[in-house]
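Peer 1: Just a sequence and a predicted model for now, questions to come.
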2 protein chains.
Amino acid sequence: MIRSEFWVVLTLGLALVGVRNRALGDEGMWLFNNPPKEYLKKTYGFEPDQAWLDHVQKSSVRFNSGGSGSFVSPDGLVMTNHHVAADAIQKLSNQENNYLRDGFHARTRSEEKKCVDLELNVLQSIEDVTAAVNAAVKPGMSPEQANAARRGVTAEIEKASLEKTGLRSDVVTLYNGAQYHLYRYKKYTDVRLVFAPEQQIAFFGGDPDNFEYPRYDLDFTFFRVYENDKPVKLEHYLKWSKNGAAENELVFVSGHPGRTSRLNTVAELEYLRDTAFPFLMQRLYRMETNLKVFSDRNSENARRAKDELFGIQNSRKARDGGLAGLLDPALMARKRAQEQKIRDAVKSNPELADVVDAWDRIEAATKKQLEMNRPYAMLEMGAGFNSIYFKIGRTLLRANAEKGKPNGERLREFRDSGLESLEQELFSAEPIYPDLEIVKLSDALTHLASELGTNSPVVQAVLNGKSPRLRAAELVTATKLGSIDIRKKLYAASSDELAAAKEPFVELARLIDEESRALRKKYESEIDEVKRQANSQIAKARYAVEGDRVYPDATFTLRLAFGTVNGFEENGKKVPYVTNFAGLYEHSNEHQGQPPYDLPKRWLDRKDKLDLKVPFNFVCTADIIGGNSGSPVINRNAEVVGLIFDGNIQSLVLDFSYDDVQARAVSVHSAGMIEALKKIYEADELVQELLGTSK
Amino acid sequence: MIRSEFWVVLTLGLALVGVRNRALGDEGMWLFNNPPKEYLKKTYGFEPDQAWLDHVQKSSVRFNSGGSGSFVSPDGLVMTNHHVAADAIQKLSNQENNYLRDGFHARTRSEEKKCVDLELNVLQSIEDVTAAVNAAVKPGMSPEQANAARRGVTAEIEKASLEKTGLRSDVVTLYNGAQYHLYRYKKYTDVRLVFAPEQQIAFFGGDPDNFEYPRYDLDFTFFRVYENDKPVKLEHYLKWSKNGAAENELVFVSGHPGRTSRLNTVAELEYLRDTAFPFLMQRLYRMETNLKVFSDRNSENARRAKDELFGIQNSRKARDGGLAGLLDPALMARKRAQEQKIRDAVKSNPELADVVDAWDRIEAATKKQLEMNRPYAMLEMGAGFNSIYFKIGRTLLRANAEKGKPNGERLREFRDSGLESLEQELFSAEPIYPDLEIVKLSDALTHLASELGTNSPVVQAVLNGKSPRLRAAELVTATKLGSIDIRKKLYAASSDELAAAKEPFVELARLIDEESRALRKKYESEIDEVKRQANSQIAKARYAVEGDRVYPDATFTLRLAFGTVNGFEENGKKVPYVTNFAGLYEHSNEHQGQPPYDLPKRWLDRKDKLDLKVPFNFVCTADIIGGNSGSPVINRNAEVVGLIFDGNIQSLVLDFSYDDVQARAVSVHSAGMIEALKKIYEADELVQELLGTSK
């Protein structure tokens, strides 16, 4: 499943920035203010006009928990994937009402359930602020100064925009610093659950079928957005296509791809291959085992850990595929040849003399990265303190220090324009289970000791003379951060009051804060900034060499992708573009209906009611990646023909390189969604709302 | 489950040697030629005489697959644990007959099934050969020379003994080189499966209950030993106790503890804690995940991977507990204080002047170990080539080279006295599943690239321009080593013929052989030998300081342990010494009968027939460890009162330090075994044989 994984991005030490990228075929995650109009016109005879683009943009929704969605009715109905919604559904569930397992269906508006901490964003406008940002960075500044100046001006632009418009305002770094755009979002925080199927059918086939095709998943969930306790009234929403996706049809995907690394230099890719990915995989393996062990103890444990375990397994399978791509010498040879071509061109062009050593500067930065990767990941990224309590404790500690500083000098996550979202998360009513937190923290502290050495001063300070297990239990037992009131009190506290509270996780964060901040500062100035400057130079050189059909690497901001609905060949056999309900039942039978191939009871009971030939899932060539989960697939008329939920196994190298031979995006078919809602769930009111036939 | 884990020992880089150890309370894994007679007499008023010791020794059986057992009838019936037998049962199973899952019951001798490659050893005699071994090592020899000389004389002693007696002859290094004993074994290779319960009940509670207590496992299996196609007739076998283990009773455990590290120096323990254990855990996590993913695809995959997956999960849980012990500052402080005491004593004794720097020499050796641990584990230990095919291919390659050398100069596993056992394994009819081998090898090659760097020459040579996945598939598809005939042919081939065969896995082994052998040589002379010499000096010093109640660290050779049948306290509550059948059903109900707490159908159907008050599992204080699995628990009359199958979670630190406060050995009760055999399995003929009431 292609849900976005912020923590993965962070653990890998990847900056969320990119460089110019020359596109081929259906390649590209295009900016809404720079779509490939000419190519579309030439290839498909279709040119989206500004009204079309505005309409699709304002119908598109970003899930800040990591995914995409769209408005699909004038009454604020939002469609996304079940696995994007899972985090919110899990937080609404408890031992009595296991909505994640059993599904949820509000038959009336009053039954719709308000989510605990979900924030949705809808992009309203894009403004180019490159000149203003660049003006702040003076020639001759050190990397550290340049980084501070850029952070300062960015925070000011965002704050001014927020104050002026009331809209969430984020400066987005595009083309790796060649451009900076200000994105303004309408923000919705009253989001209510309308309909979710059983996870069994949403994630039918489980981990074995994840990232595979053919596929049979009803991976959707519907929410409704409220304002002032009433459903919002929308001008822009997507209508439903009568027939849904057809073979060879041109389709568009409007969503929020999280991150790509397509124009990384070879040195960066080798760092990912030999250091960052192996380190990440190691963490994923241990976290997966640890949560599996916890889950296997009893069914309530399994329920508590379910969504987190899914996220880890999903990342493990995705990153395993990504690493396999990096270990493919053919891919690396291609990258090496591309790089050599640009380097040769740069060498022979005297105007680009200052770019000649850009690759070497990046390589030197990756060497530094290699040196400090582990302490940085364990301390600053928090890998050594895997617990919600630690996250809260550190946020309280740092908010206390940062809020007193001028806006432009703060750590980025504490800038004024982001505080509202930060508070939404900090004061979330998300259930926390102390037993699960002890298990996670205990393992993380063990990992911390292994990585940094048990005798190292920072580990000795953290463990405080105890074993990791004992220390974790002690901290979790003593913390009061389970209480939202306490969090609010400590958030409002003075520095002295915070210290006097002796909250265990605030104090734990304090113990490592000096060392951790120093690592971050070093990382940002000596690695990120050096890479940003060098990559930005390379980007300009590429532009000179390769011309102008370009899109930036993914940044979890709104992009437009396109492609055709098409099967592919695998091991000499054609894999058809579409599956149907008959295939679902056959696939279950092939596995004797055993988990994860078991079907919910009503799917067995109501099989006869279904038209088994109705399309269920399908694939297309659109260029998507993690974060695109929940994106609508639309036709030329901007009507919904499907819902992106995954990529096939061949698509897992799309992080590094686009391919339209075998790589495919996997979607739920719009006709299959209606068929299931009608015949299995008898959700007639929802069907009518989607089809626009409500009375 | 406390099955022995040779590969773990190897991956940890632990030598199977120990130093003198002063025992307290019921501590000790005693040599049969040096039992703690005085202590037993003084404390328990019982003194085993030589006849008792001989009888128990010759009734004890070693499973070379990694475990213990005992003769329990005059007709060659052998009792062990189901999880010790699982490897053999798995190898007898196929898609049609899943004996591991469904159990097996031969109602007549003709139905008993011959195992594929099981070798059982029964210790016949022990001879002290210390003088002969020491005579070969001359003063002034370098570590490398000393190691070679010792290996040479050892191989000669073993060969001479084999030729003279026809018995398997192994020189065992005890007290870390302070003593060398020649162990002579009667060897049985025609071993037939008689009875095994369903794995469900043998391993009831699965991973969650593993190493926990209270417990409810029927973890037994019976084999029968044949010679000349007839059951052997035995003089020495254990009779069945009428009542079984009673609270506070003195009991003995005769079995083969695999390895302990109780007298490691602090430097060695810190190496284990910060390097060896974390590296091993990382491998276990990835192998567990990898096999789980393979198993989850379908039920046949699950069957194929089952025993291997169990072994990995079992090690993961055991080692996790061991690491937690090492990370307990209290344990390490105790170790440090003990070490300081000896060091102080040594310093103040001029006669021990050459021992003063022994600890520093060991610490220096652990630094070297730290440097070469990863390449050594990946290449020489084979962690980078996790496949049965590689194991076979390397054995063929090395046998070809080693058999031509004088006996004393060969790698230890190819010495004459061991060749028969080596061939038994090499030509095993164990089923090999190419799909599973691809999955394992592909992951191992990925790990190899991560550990040694994809660009390193050895990795480049191994991958041969392909990705790990492609290379693994290519090798497994091309190999012919699935055929035993081919293996036999290549084993008999000349060096030229072997090279001409171009067998992929032989050639793969050849690619790394020079580097791998060099690592081994360096490891053995610069680490093992240095430690052996230093530890041996320390052992003598300890002896001078601490006196003579001593036993050597475990070496997977026969030992006698003792203790009392006793519960323990946990979190302020008393945990009773025994469980019963009623508790089994309750425990299943607490988990709604969901796996791994589901019961086999006949256990549900025949519940009414059982006397639910009959004891099922019990605990005692005997000093046991991995490798003791399947050991008989006997009373003063050498009658079976139970069957060791596990230690509780508190026992997982017994690798490093004995404890009788909470640590307990867990056994199946003899009365419970009879009750289940009679009432659930209607195995009357087996019950009569055990009770000696056969007609």
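Peer 2: Yep, that arrived. Remember, it's a predicted structure, so these values are computed and weren't measured experimentally.

Peer 1: For the rest of this, base every contact and every neighbour count on C-alpha atoms.
Peer 2: Noted.

Peer 1: Around chain B, pick out the residues from the stretch 201-350 of chain A.
Peer 2: Of all the residues in the stretch 201-350 of chain A, those in contact range of chain B (CA under 8 Å from any CA of the partner chain) are A:207-208, A:273-275, A:278, A:282, A:285-286, A:288-289, A:293, A:296-299, A:324, A:327-329.

Peer 1: Filter these down to just the buried residues.
Peer 2: Taking 16 or more other CA atoms under 10 Å in any protein chain shown as the criterion, what is buried in these is A:207-208, A:273-275, A:278, A:282, A:285-286, A:288-289, A:293, A:296-298, A:324, A:327-329.

Peer 1: Phi and psi next, for A:Glu570.
Peer 2: Dihedral angles of A:Glu570 (phi, psi; degrees, to the nearest 10) stand at phi -140, psi 130.

Peer 1: and the gap between it and A:Val661?
Peer 2: 10 Å (CA to CA, to the nearest Å).

Peer 1: Also A:Ser456?
Peer 2: For A:Ser456, the distance to A:Val661 - CA to CA - is 51 Å.

Peer 1: out of those two, which sits in the busier spot?
Peer 2: A:Val661 (13 against 10; other CA atoms under 10 Å in any protein chain shown).

Peer 1: Phi, psi for the nearest residue to that one once chain neighbours are set aside please.
Peer 2: Spatial nearest neighbour of A:Val661, excluding adjacent residues (CA to CA, 6 or more residues apart in numbering or on different chains): A:Phe568 at 7.0 Å. Main-chain torsions, A:Phe568, degrees, to the nearest 10: phi -150, psi 170.

Peer 1: How about A:Lys113?
Peer 2: Backbone torsions of A:Lys113, given as degrees, to the nearest 10, read phi -110, psi 130.

Peer 1: Show me where the stretch 251-400 of chain A dips below the pLDDT cut-off.
Peer 2: Residue ranges of the stretch 251-400 of chain A with pLDDT under 70: none are present.

Peer 1: how about the helices in it?
Peer 2: Per DSSP state H, counting those that start in this stretch, the stretch 251-400 of chain A carries helices over the ranges A:266-271, A:277-297, A:299-326, A:329-347, A:358-375, A:388-402.

Peer 1: The stretch 51-200 of chain A now?
Peer 2: A:82-92, A:99-102, A:130-136, A:143-165, A:199-202.

Peer 1: tell me what the first one is packed against?
Peer 2: Read that as helix A:82-92. Applying 3 or more CA pairs under 8 Å, 6 or more residues apart in numbering or on different chains; DSSP states H and E, we find helix A:82-92 packed against helix A:99-102, helix A:199-202, helix A:299-326.

Peer 1: Single out the most deeply packed of those.
Peer 2: Highest mean neighbour count among those (mean count of other CA atoms under 10 Å in any protein chain shown): helix A:199-202, with a mean of 22.

Peer 1: could I get the next helix or strand after that one in PDB with only the CA atoms?
Peer 2: Downstream of helix A:199-202, the first helix or strand assigned by DSSP states H and E is helix A:206-209. Below are the C-alpha coordinates for helix A:206-209, written out as PDB (Å, rounded to 0.1, in the frame of the first residue of the first chain):
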ATOM      1  CA  GLY A 206      -2.900  -9.100   3.400                       C
ATOM      2  CA  ASP A 207       0.800  -8.800   3.400                       C
ATOM      3  CA  PRO A 208       1.300 -11.600   0.800                       C
ATOM      4  CA  ASP A 209      -0.800  -9.800  -1.800                       C
END
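
Peer 1: which residues touch helix A:206-209?
Peer 2: The contact list for helix A:206-209, computed with CA atoms under 8 Å, 6 or more residues apart in numbering or on different chains, reads A:215, A:313-314, A:596-597, B:293, B:296-297.

Peer 1: now do 6 Å
Peer 2: Residues from elsewhere that reach helix A:206-209 (CA atoms under 6 Å, 6 or more residues apart in numbering or on different chains): A:596, B:297.

Peer 1: what element comes up after that helix heading to the C-terminus?
Peer 2: strand A:221-227.

Peer 1: now that next one and helix A:82-92, what's the angle there?
Peer 2: Interaxial angle of strand A:221-227 relative to helix A:82-92 (axes from the mean of the first three to the mean of the last three CA atoms, to 10 degrees): 60 degrees.

Peer 1: Buried residues of strand A:221-227, list them for me.
Peer 2: A:221-226.

Peer 1: Pairing partners for that strand, with directions?
Peer 2: Strand pairing for strand A:221-227, determined by DSSP bridges: strand A:77-80 (antiparallel), strand A:190-196 (antiparallel), strand A:230-231 (antiparallel).

Peer 1: Now find how far off-centre the shortest one is within its chain.
Peer 2: This means strand A:230-231. 28 Å (CA atoms, centre = their mean, to the nearest Å).

Peer 1: What's the mean pLDDT across that strand?
Peer 2: For strand A:230-231, the mean pLDDT works out to 98.

Peer 1: Could you give the separation of the helix or strand that that strand is followed by from the chain centroid?
Peer 2: Using DSSP H and E, the helix or strand that follows strand A:230-231 towards the C-terminus is strand A:239-240. Mean-position distance between strand A:239-240 and its chain equals 26 Å (CA atoms, centre = their mean).

Peer 1: Also stretch A:221-237?
Peer 2: 23 Å.

Peer 1: again, but for stretch A:36-43
Peer 2: That offset, for stretch A:36-43, works out to 29 Å (CA atoms, centre = their mean).

Peer 1: Excluding sequence neighbours, find me the nearest residue to the residue in the stretch 451-600 of chain A that chain B sits nearest to.
Peer 2: Of all residues in the stretch 451-600 of chain A, A:Ser467 sits closest to chain B, at 4.6 Å by CA to the nearest CA. Nearest residue to A:Ser467 in three dimensions, chain neighbours excluded: B:Asp328, at 4.6 Å (CA to CA, 6+ apart).

Peer 1: so how many other residues sit close to the residue lying closest to A:Gly321 once chain neighbours are set aside?
Peer 2: In space, and not counting its chain neighbours, A:Gly321 is closest to A:Leu652: 5.3 Å by CA to CA, 6+ apart. Neighbours of A:Leu652 under the rule other CA under 10 Å: 26.

Peer 1: any chance you could read off phi and psi for A:Leu652?
Peer 2: Dihedral angles for A:Leu652 - degrees, to the nearest 10 - are phi -70, psi -10.

Peer 1: separation between it and B:Ser536?
Peer 2: Using CA to CA, A:Leu652 is found at 55 Å from B:Ser536.

Peer 1: worst-scoring helix or strand of chain A, pLDDT-wise?
Peer 2: Least confident helix or strand, chain A: helix A:6-11 with a mean of 49, by mean pLDDT, DSSP states H and E.

Peer 1: tell me which strands and helices the following helix or strand past that helix is in contact with?
Peer 2: The first helix or strand that comes after helix A:6-11 along the chain, using DSSP H and E, is strand A:30-31. Applying 3 or more CA pairs under 6 Å, 6 or more residues apart in numbering or on different chains; DSSP states H and E, we find strand A:30-31 packed against strand A:559-564.

Peer 1: who touches the strand it packs on?
Peer 2: A:26, A:29-31, A:248-255, A:620-623.

Peer 1: That strand: partners in the sheet, and parallel or antiparallel?
Peer 2: strand A:30-31 (antiparallel), strand A:250-255 (antiparallel).

Peer 1: where does the last one sit relative to the chain's centre, distance-wise?
Peer 2: The chain centroid and the centroid of strand A:250-255 are separated by 18 Å, computed with CA atoms, centre = their mean.

Peer 1: Having no further points to raise, I will conclude here.
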